[in-house]
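Chemist: below are the sequence and a predicted model; questions follow.
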Amino acid sequence: MATVAASEELLSIVFSFLIVTVEACGGLVIATGVIRAIVGYVRTCGRGRRSRDITGLSPTREDILLLSAIIALRTVTNTLLERELALLGPDCPAFCGALA
């Protein structure tokens, strides 16, 4: 019985660090994208050119279908994850609480 409790404690610690690491990586990716966008904007303004207006873009039917498929996939995934978390209930180990 002591080994089960010890392994649950170890898993809780490992998942806590894993969650923090993944969130930090996500924040780093977002920060990198923001910095790249700002640098690109400053370079474009410095050259005296106007950046292209987003309304001037005309997406193709293929682009719209791809975006629709991505939205549908994310919606289904989110729904399934919410159902699974609801099935786990309040008896879920400590690392499940951090995910919810």
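Modeler: Sure, I can see it. Residues are numbered from 1 along each chain as shown.
Chemist: tell me the backbone dihedrals of Thr60, please.
Modeler: With angles defined as degrees, to the nearest 10, Thr60 sits at phi -80, psi 170.
Chemist: equivalent analysis for Ser12, please.
Modeler: phi -60, psi -40.
Chemist: now it: how far from Gly26?
Modeler: 21 Å (Cβ to Cβ, to the nearest Å). All C-beta atoms are positioned from the backbone trio N, CA, C, and that covers glycine.
Chemist: neighbour count: those two, which is higher?
Modeler: Ser12 (15 against 10; other Cβ atoms under 10 Å).
Chemist: how far away is that one from Ala5?
Modeler: In terms of Cβ to Cβ, Ser12 sits 11 Å off from Ala5.
Chemist: please apply the same query to Val20.
Modeler: Applying Cβ to Cβ to Val20 and Ala5 gives a distance of 23 Å.
Chemist: go on, Phe17?
Modeler: From Phe17 to Ala5 the distance is 19 Å (Cβ to Cβ).
Chemist: domains in the chain, by residue range?
Modeler: According to automatic domain parsing, the chain comprises the domains 1-52, 59-100.
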